[in-house]
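Visitor: 3D, please:
(one chain, ligands or ions: 2)
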Amino acid sequence: MPLEIRQFPCLSDNYGYLIRDRASGEVAAVDAPDAPAILAELAASGWKRLDLILNTHWHPDHTQAAGAVREQTGCKIVGPEESARVIALDQVLADGEQVDLGETRFDVIHTPGHTLGHIVFIDARGGEAFVGDTLFALGCGRLFEGTPEQMFDSLSRLSDLPDETRIWCAHEYTAANARFALSLDEPDGERRGALEAHARDIFALREAGHPTVPTMLGRERQLNPFLRAPDAAAFATLRAAKDQFRG
Ligand code: ZN
Ligand code: FE
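Guide: Ligands and ions are numbered 1, 2, ... in the order given. A predicted model of the protein is given here:
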């Protein structure tokens, strides 16, 4: 049975997620940006329990509410070793391990680059990927800790997921990413047309106050310039250009 997923904006541009395994009724939060927002969403859901926080990386906008949410709900917190510096983890997760929410199994993939310990959670059966700050719609995370080579490899691994995988990013950065993507040379006219059409949809959604997340891996593979970089050197150049871009 597929997951039920509730997405809610919080802080300045984060997305919080509450997810429920339908078979068991178990509920998890993906990351812990904002305690009042998470608890309000939980109350609105009627799900009445929170079993787990799945943490992707140590940054405050992904961990700062974990303690307060655990106090209110009694949930467990699982995440990468690096997060143990800032929150008490019940279980440390490493690449290749799995974590279960009821009958839903998440594969843990280590995706260093944005931070050195960043992990993502893949529900392969349901086709859902919770990617934190590694992959964004038409973009990717900034390299705060890792090297371009590490991030290139991390994105390559995510790129291997099936096209129909839904990509749940932790931030709404898509409009700015679209402006950057449009600023790049695209000799392939068909791809250029697809990007322009997709960018128009994104700007219209944002104008109307709607989310542009989730995105689909197949579309990102076609249009996301960071997934199209042929090698780590090209990726590094692109990432540096985005860091400077004021579009
Ligand atoms: Zn981050
Ligand atoms: Fe973040």
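Visitor: contact residues of the protein facing ligand 1?
Guide: Contact residues (Cβ under 5 Å from the ion) of the chain with ligand 1: H59, D133. C-beta here means a position set from N, CA and C on the backbone, and glycine is covered the same way.
Visitor: OK, contacts around E190?
Guide: E190 makes contact with no residue, according to Cβ atoms under 8 Å, 6 or more residues apart in numbering.
Visitor: ok, now how distant is it from D51?
Guide: 46 Å (Cβ to Cβ, to the nearest Å).
Visitor: select the longest helix from the chain.
Guide: When the chain is parsed with DSSP state H, its longest helix is helix 189-207.
Visitor: mind listing what R142 touches?
Guide: Contacts for R142 (Cβ under 8 Å, 6+ apart) come out as H114, D133, R239, D243.
Visitor: hmm, try it at 10 Å
Guide: Residues counted as contacts of R142 (Cβ atoms under 10 Å, 6 or more residues apart in numbering) are G113, H114, D133, M151, R239, K242, D243.
Visitor: list the contacts of the first one.
Guide: Contacts here follow Cβ under 10 Å, 6+ apart; on that basis G113 touches 133-135, 140-155, 235, 239.
Visitor: which of these come close to ligand 2?
Guide: D133.
Visitor: which among the contacts of G113 end up buried?
Guide: Buried by 16 or more other Cβ atoms under 10 Å: 133-135, 140-141, 143, 145-146, 148, 150-155, 235, 239, out of those.
Visitor: in strands, which of these fall?
Guide: L135, C140 (DSSP state E).
Visitor: so what does D123 have for phi and psi?
Guide: phi -90, psi 90 (degrees, to the nearest 10).
Visitor: partner residues bridging it?
Guide: E128 (DSSP bridges).
Visitor: surely it and G102 touch.
Guide: No: assessed by Cβ atoms under 10 Å, D123 is found out of contact with G102, at 11.4 Å.
Visitor: which one of the two has more residues nearby?
Guide: D123 (21 against 18; other Cβ atoms under 10 Å).
Visitor: L217 and R192, how far apart?
Guide: Computed as Cβ to Cβ, the L217 to R192 distance reads 21 Å.
Visitor: which of the two has more neighbours?
Guide: Per other Cβ under 10 Å, whichever of L217 and R192 has more neighbours is L217, with 24 against 14.
Visitor: residue contacts, the more buried one?
Guide: Each residue near L217 by Cβ under 10 Å, 6+ apart is listed here: 127, 129, 131, 135, 158-167, 224, 227.
Visitor: which one of those residues is nearest to ligand 1?
Guide: Nearest to ligand 1 among these: V131, at 11.3 Å, using Cβ to the ion.
Visitor: and the closest one, what's its pLDDT?
Guide: At V131, the predicted lDDT confidence score is 99.
Visitor: repeat that for P2.
Guide: 89.
Visitor: burial measure for it, as a count.
Guide: By other Cβ under 10 Å, 13 other residues sit near P2.
Visitor: OK, contacts around it?
Guide: P2 touches D21, R22, A23, T104, D123, R125, G126, G127, E128, counting by Cβ under 10 Å, 6+ apart.
Visitor: mind redoing it with 7 Å?
Guide: P2 is in contact with R22, G126, counting by Cβ atoms under 7 Å, 6 or more residues apart in numbering.
Visitor: name the nearest residue to A170, sequence neighbours excluded.
Guide: Among residues not flanking A170 along the chain, G132 sits closest, at 4.9 Å (Cβ to Cβ, 6 or more residues apart in numbering).
Visitor: who's the one you found bridged to?
Guide: The partner residues for G132, given DSSP bridges, come to C169.
Visitor: you'd agree it is up against H118?
Guide: Yes: using Cβ atoms under 7 Å, G132 is in contact with H118, at 6.1 Å.
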